[in-house]
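> Build me a structure from this.
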Amino acid sequence: LRFVSPFLVIPVLLLALPWATSQAVPWLMVSEEVGFNPAFKGCGGRVMAAFNLSQCFPEILDALILGALKHYTHSHVPMLTVAAAAAAGAALAAGMARQRA
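Numbering: from 1, shown residues only. Modelled structure (predicted):
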């Protein structure tokens, strides 16, 4: 093994805990709700699968669309435009959902 600089290891260690928490806490919240709520009796697997899709589908869609966009345009500008439009759409959808609640 080669020597690894502590200046590289320390930031990785400092960032590993927040990253792991950001990945685990949403799953913990959903599993707690599914496990203790009688309304989800017998369909907990479907709820967890829907949550999994809500987490991974945007990443897959992003990789497909933005990867092709970068390949054909050779620029980051269209990618940023699509990202800004997606953020605006998400904000609009959140606002509409809040009004219905």
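> on contacts alone, who are the packing partners of the helix or strand that contains Ala84?
Ala84 belongs to helix 77-100 when assigned by DSSP states H and E. Under the contact definition 3 or more CB pairs under 8 Å, 6 or more residues apart in numbering; DSSP states H and E, helix 77-100 sits against helix 44-73. (C-beta placed from N, C-alpha, C; glycine too.)
> how about the helix it packs on: buried residues?
Under the neighbour-count criterion of 16 or more other CB atoms under 10 Å, helix 44-73 has 47, 51, 66, 69 buried.
> For the last one, give me its contacts.
Put plainly, it is Leu69. 78-79, 82 (CB atoms under 8 Å, 6 or more residues apart in numbering).
> Quick check: it vs Pro26, distance?
Separation of Leu69 from Pro26 (CB to CB, to the nearest Å): 28 Å.
> what's the neighbour count on Val30?
As a burial measure, Val30 scores 19 neighbours (other CB atoms under 10 Å).
> Can you tell me the closest non-neighbouring residue to Ser31?
Met48 (7.1 Å; CB to CB, 6 or more residues apart in numbering).
> List the residues that contact the one you found.
Met48 neighbours (CB under 8 Å, 6+ apart): 30-31, 34.
> Now tabulate those in CSV and tack on pLDDT, secondary structure and distance to Ala20.
As requested, the contacts of Met48 are exported to CSV (pLDDT from 0 to 100; DSSP: H, G, I helix; E, B strand; the rest coil; distance: CB to CB, whole Å):
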residue, pLDDT, secondary structure, distance to Ala20
Val30, 89, helix, 17
Ser31, 88, helix, 16
Val34, 87, helix, 21
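> Distance to Glu59 added to the residues you listed, as CSV?
Converted to CSV, the contacts of Met48 look like this (distance: CB to CB, whole Å):
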residue, distance to Glu59
Val30, 18
Ser31, 21
Val34, 23
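> out of these, who's nearest Val4?
Nearest to Val4 among these is Ser31, at 35.7 Å by CB to CB.
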